[in-house]
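**Q** Quick one, fold the following:
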Amino acid sequence: PADELQKMAELLGLRDKCREGALGDPALAASCLADNRLNLDVYLDGCCRFLQLFEGRQGEVLQVEFLRLSSNDRLLGTTLDILPHLKHLKSLVIKGGHARDEFGSCQHGSLTSLPPDMGNLRCLTHLDLTFNSLSTLPSCILHLSSLRVLLVSHNRLVALPEDFGSLSKLTFFSAMKNQLKDLPRSIGDLAVLQDLDLSENALEFIPEEMGNLHNCTELDLSGNHLPSIPDSLANLKSLRRLHLHSNLLVTVPASLASLPNLSRLDLQNNCLRAVPPEIQTLPFVRLRGNPLGETEPSPQADESSAGRLQRLFLASGEGSFTVTSEGCKVVLACGIHFYFPPGAASDPQQIYFRTLAPDPQWVKLRHHDVLLSRVLELQPHGVKFQQEVKIAMPYASPQTPHQREVVVRTFSGQSWSDLRTRVKQKRKSKKHVAHCSVLHFSWFLVVSRLVQNECKVPTEGTLLFSSVDPNIKVTFPPGVTEEPRTVKMQVLPVSAGEIEEITADAGCRASPLLCLSQDSLVDFLRPVRIQLPLPPGVTGINLDQSRLHLLHGDLEGQTWDDITSQVVLEFTHLYAVFEVTHFSWYWLWYTTKTYIGGIAKKVYERLRMYQVNFIALQRKKDPEQVLLQCVPKHKVDPVLKKLQDRYRGPEPSDMVEMFEGEQFFAAFEGGISINMDRPDCVDGRLSFIFYSHLKNMKEIYVTSPVDRKDQAVKGQVSFYRGAIPESIPEEASRRRKGPDSLWLVTLPIKLPRLKPRWGENPGPPNGFSFPPLNLGNAETGYLTQANLLSIARRVGADWQTIGLNLGLTYQQIERIGYNHREDLDKQILDMLFSWAQQNSEDPDCVSKLITAMKESGRQDIADEVETIIELGRQKYRESIRRVGL
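**A** From the prediction side, this is the model:
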């Protein structure tokens, strides 16, 4: 009764809060109430607005039929107590996922139960509780006598109630991504169920009663632990799509081939060694990822072989997975693989992952390192495993494998260290993959470094050779150290051509650069003997010792000191030999120059730099879409050749030099601008980080405040240097300071004069005009222009998700959003009518629209479309009867 509701509102103190403004602007809250619908899940304070409306417009709230709330809302509990009084409610959505946690993953909502009185909502046909924290299904749901659609995906359900089959009107049920291990036998009582999704659970058994779902058209059991399925599934005569991939199936019933309407059977990634011929010959069956034709392993074979492990294939939108004590293999959409052996995790462990763009602020590359991958972050940080977990990371192939080696590098939270890495190249795809094993999770990336040789130096002494240049060796005599210590050696070969090009002196030559380091701060007790090859073209016969210089460099390569007079140099026909007591960098030079330290510093700086060109291209079909890229000089021609069919633009810029990991910016000038709200936009400029083997490319939409209906706009994009990288040579640092030195290059950009486009009509107030539309056909019912306009008013913030599910591309969605970035209504209209025009000739377009709405979580709109279509069918049948046909 209304008086009781009034008393409840007063007890909650809502009236006082409204007067004090504690629940926000009443006018703003009232604007959320449209007709009999309340879409409040798009607001951070949606429940707060609901309480505001309930106090101020109680009569209208009690008539609401469609309600959407976010379960990430702190006032959800108070709101739930009022919901049982909304007797006219037909569709209720209480979803989580509207907030993100510290890992960037969607955060589950706080909903763990529902008020018992909600079972009295006799009109409720659609209930969506996805992305919440339900461990059991609220008992009140079983009393919702009109319920047709129930979604409880992304919760923590471990079982369904035994009397779950009492939901006699249920047509759609989704419980994907829970922890269900078995199903109640009463599930077979859902006589009108059409769509059942139980994917990505822990099901080990399917009851025979599931064969009683005679109206079921789609059944998804993928991503479970099923070793078999019951023969009774062959009784599902209405079944069209059966998803069984990523299970542990060792056999499937041959009777599945007799299903008359089956058009898709997915058996990929199971343990099938043989498949019945009736199944194997079906044109729509998928069997990839099964050990077909392989013999059974011997009893001595490892029972935990990869073929017996659960396989998880994660889509691009997913950010977590669960590892159990049984182990599993996981494949991410980006190509990264994980292998968790049985026993690696003693208890179920949720693993969160994401790939990040490398940030020079914390991804510290060493000298001559080359970054080959994005950063992989695995959470929880520091989680320990009982056995080593194998990680396989694809990477961009380096170009000088003889002088370099590929390693996986991990970050402990304070410092980076290199892991023992094994490299493979896939036969078919030719992609390079780096393999490593770890006992804990943190951050990982792939780098190419100078080949590193190392050894443990005992008190007895030892000998260390370079695998890059065997002519380089270090001899440790007996008694060189009291405690064993680890010594590392890296060699950077430098060709005579590089030296001549940089110094412009044909007589200037140098040996390979030798980098020595150790894990001890104590000098050696006895001199260590180092052998370096003489520079190219120099032998013991033609050697002029006055031209030979031994240089000692600091660990950053900032200074190079001539120590020739401080050591005793011995010469053979091919080598120079000297002794030291501590390690650093050593370089042997042969030149007539006197101040060789400055020359070496300049050469060393240039060896670390890359010669690059900038390109700025515009898409031929859409000149407002601009591609910017920084390309190493040797890759410019291949890159342009790939892009020439779709893009046009000016010639690449003049060559400039950049360091690995150096920041630069792109600024649009001359009447051209971009969206300043982009996360990579700093002070109106696009931020880039140059990595020689990663794609330094961005595609963006540009616009101009100038009216382009009468004339084109000629602007430009200029590139500027960013922050100075750490530990670069001092001279290079000086050249990068000052406003003039920050500018790199400028390339022209031209936006053509605008042509009249569909939808441009200054007459209507909303800026759109639409041609007549009749989607569908007379027999199945039409959707008209007026129907689409009515649907558009209800779409709201879900328009992008709906557009993608309708088949629009990400570029189309981005384009629509950019064109109408200040008007949500125009974004929705443009999306819907763009799709409608593209699909007006498709007889199944209406059913695709209904499916897209369901996949987007908008069952309320799907119901409305179905109602419109059913009304059209009725009118068609009545007209047929009237004319006697």
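**Q** what residue ranges in the stretch 701-850 of the chain score low on pLDDT?
**A** Residue ranges of the stretch 701-850 of the chain with pLDDT under 70: 706-710, 723-741, 754-774, 776-782.
**Q** Can you tell me the number of residues neighbouring F172?
**A** Other residues lying near F172 total 19 when counted by other Cβ atoms under 10 Å. C-beta coordinates here come from the backbone N, C-alpha and C atoms, glycine included.
**Q** give me every residue that touches it.
**A** Counting by Cβ atoms under 8 Å, 6 or more residues apart in numbering, F172 touches R148, V149, L150, L151, L193, Q194, D195, K854, Q859.
**Q** now do I391
**A** I336, H337, F338, L376, V408, H435, C436, S437, V438, F444.
**Q** Who wins on neighbours among these?
**A** Highest neighbour count within those, by other Cβ under 10 Å: V408, with 26 neighbours.
**Q** was I right about that residue contacting L445?
**A** Yes: assessed by Cβ atoms under 8 Å, V408 is found in contact with L445 at 7.3 Å.
**Q** so how far is G461 from the closest residue to N120 other than its chain neighbours?
**A** Closest residue to N120 apart from its sequence neighbours, by Cβ to Cβ, 6 or more residues apart in numbering: P84 at 6.1 Å. Separation of P84 from G461 (Cβ to Cβ, to the nearest Å): 85 Å.
**Q** again, but for E855
**A** From E855 over to G461 (counting by Cβ to Cβ), the distance is 70 Å.
**Q** domains for this structure, by residue range?
**A** Structural domains annotated on the chain: 37-98+106-286, 310-450, 452-607, 609-725+741-751, 785-883, as defined by the TED database.
**Q** quick one: the helices in the stretch 751-885 of the chain?
**A** For the stretch 751-885 of the chain, helices defined by DSSP state H, counting those that start in this stretch occupy the ranges 785-795, 799-806, 810-819, 824-838, 845-855, 859-882.
**Q** so which of these gets nearest F353?
**A** helix 810-819 (21.7 Å; Cβ to Cβ).
**Q** before we move on, back to that, how about the residue nearest to N120, what does it touch?
**A** P84 makes contact with P115, D117, M118, N120, L121, according to Cβ under 8 Å, 6+ apart.
**Q** Which pLDDT value belongs to S316?
**A** Here the pLDDT value assigned to S316 is 63.
**Q** One more: Q518?
**A** pLDDT for Q518: 88.
**Q** Okay, and the beta partners of the closest residue to it other than its chain neighbours?
**A** Computed as Cβ to Cβ, 6+ apart, the closest residue to Q518 that is not its neighbour in sequence is V487, at 4.9 Å. On the basis of DSSP bridges, V487 is bridged to C455, Q518.
**Q** Kindly report the same for V717.
**A** With DSSP bridges as the rule, V717 is bridged to F668, L747.
**Q** what's the neighbour count on it?
**A** Neighbour count of V717, defined by other Cβ under 10 Å: 24.
**Q** Isn't it up against V745?
**A** No: V717 lies out of contact with V745 (Cβ under 8 Å); the separation is 9.2 Å.
**Q** which one among the contacts of I391 gets closest to L180?
**A** Once Cβ to Cβ is applied, the member of the contacts of I391 that ends up nearest L180 is F338, at 23.7 Å.
**Q** ok, what's across the strand from the nearest residue to the closest one once chain neighbours are set aside?
**A** In this structure, F338 finds its nearest non-sequential neighbour in V330, 4.2 Å apart by Cβ to Cβ, 6+ apart. Taking DSSP bridges as the rule, V330 bridges to L312, F338.
**Q** mind listing what the residue of the chain most remote from its centre touches?
**A** Note on the chain: the largest C-alpha distance from the chain mean falls to I541, namely 61.6 Å (Cα atoms, centre = their mean). Under the criterion of Cβ under 8 Å, 6+ apart, the contact list for I541 reads H573.
**Q** what about it, which SS state?
**A** Assigned with DSSP: H, G, I helix; E, B strand; the rest coil, I541 falls in the coil class.
**Q** Run a quick neighbour tally on the residue nearest to F338.
**A** V330: 22 neighbours (other Cβ under 10 Å).
**Q** Please apply the same query to the one 3 residues further on.
**A** A count of neighbours around A333, defined by other Cβ under 10 Å, yields 12.
**Q** Let me know the closest of the contacts of I391 to S565.
**A** V408 (43.8 Å).
**Q** Each with direction, which strands does the host helix or strand of the closest one pair with?
**A** Assigned by DSSP states H and E, V408 belongs to strand 404-411. The pairing partners recorded for strand 404-411 under DSSP bridges are strand 416-418 (antiparallel), strand 443-450 (antiparallel).
**Q** Just the pLDDT at E55, thanks.
**A** pLDDT recorded at E55 is 82.
**Q** Mind checking what secondary structure it has?
**A** helix.
**Q** Tell me the spacing between it and L69.
**A** On the measure of Cβ to Cβ, E55 and L69 end up 17 Å apart.
**Q** before we move on, what about C123?
**A** 18 Å.
**Q** between the two, who's got more neighbours?
**A** Remark: of C123 and L69, L69 carries more neighbours, 27 against 14, as counted by other Cβ under 10 Å.
**Q** you'd agree that one is up against R49?
**A** No: counting by Cβ under 8 Å, L69 stays clear of R49, with 9.8 Å between them.
**Q** Quickly list what's touching both of the two.
**A** Residues touching both L69 and R49 (Cβ under 8 Å, 6+ apart) are L40.
**Q** now the helices for the stretch 551-700 of the chain?
**A** 596-607, 636-643.
**Q** Indicate which one of those helices is closest to R721.
**A** Of the helices of the stretch 551-700 of the chain, nearest to R721 by Cβ to Cβ is helix 596-607, at 15.5 Å.
**Q** low pLDDT regions in the stretch 201-350 of the chain?
**A** Looking at the stretch 201-350 of the chain by pLDDT under 70, you get 293-308, 315-317.
**Q** any chance you could map the strands in it?
**A** 218-220, 241-243, 264-266, 285-286, 310-313, 320-323, 328-331, 337-340, 349-356 (DSSP state E, counting those that start in this stretch).
**Q** possible to save these as TSV with distance to E651?
**A** Converted to TSV, the strands of the stretch 201-350 of the chain look like this (distance: least, Cβ to Cβ, whole Å):
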stretch	distance to E651
strand 218-220	53
strand 241-243	51
strand 264-266	50
strand 285-286	48
strand 310-313	44
strand 320-323	47
strand 328-331	42
strand 337-340	42
strand 349-356	34
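**Q** Of all those, which one comes closest to I187?
**A** Smallest distance to I187 across the strands of the stretch 201-350 of the chain (Cβ to Cβ): 11.3 Å, for strand 218-220.
**Q** from what I can see V370 touches P398, true?
**A** Yes: here V370 reaches P398: they are 6.0 Å apart, a contact under Cβ under 8 Å.
**Q** out of these two, which sits in the more crowded spot?
**A** Between V370 and P398, counting by other Cβ under 10 Å, V370 is the more crowded of the two (23 against 19).
**Q** what about the more buried one, distance to A234?
**A** To A234, V370 is 57 Å away according to Cβ to Cβ.
**Q** For stretch 148-165, give the distance from the opening residue to the closing one.
**A** 13 Å (Cα to Cα, to the nearest Å).
**Q** quick one: buried residues of that stretch?
**A** For stretch 148-165, burial by neighbour count (16 or more other Cβ atoms under 10 Å) applies to 148-155, 157, 159-160, 164-165.
**Q** And stretch 662-671, by the same measure?
**A** Within stretch 662-671, the residues scored as buried using 16+ other Cβ under 10 Å are E662, Q663, F664, F665, A666, A667, F668, G670, G671.
**Q** would you put the C-alpha positions of it in CSV?
**A** Provided in CSV are the C-alpha atoms of stretch 662-671 (Å, rounded to 0.1, in the frame of the first residue of the first chain):
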residue,chain,number,x,y,z
GLU,A,662,63.0,8.1,-26.8
GLN,A,663,59.8,10.0,-26.6
PHE,A,664,58.4,12.3,-29.3
PHE,A,665,55.2,14.2,-30.0
ALA,A,666,53.0,14.9,-33.0
ALA,A,667,51.2,18.3,-33.2
PHE,A,668,48.6,19.2,-35.8
GLU,A,669,48.8,22.7,-37.0
GLY,A,670,47.4,25.1,-39.6
GLY,A,671,43.6,24.8,-38.8
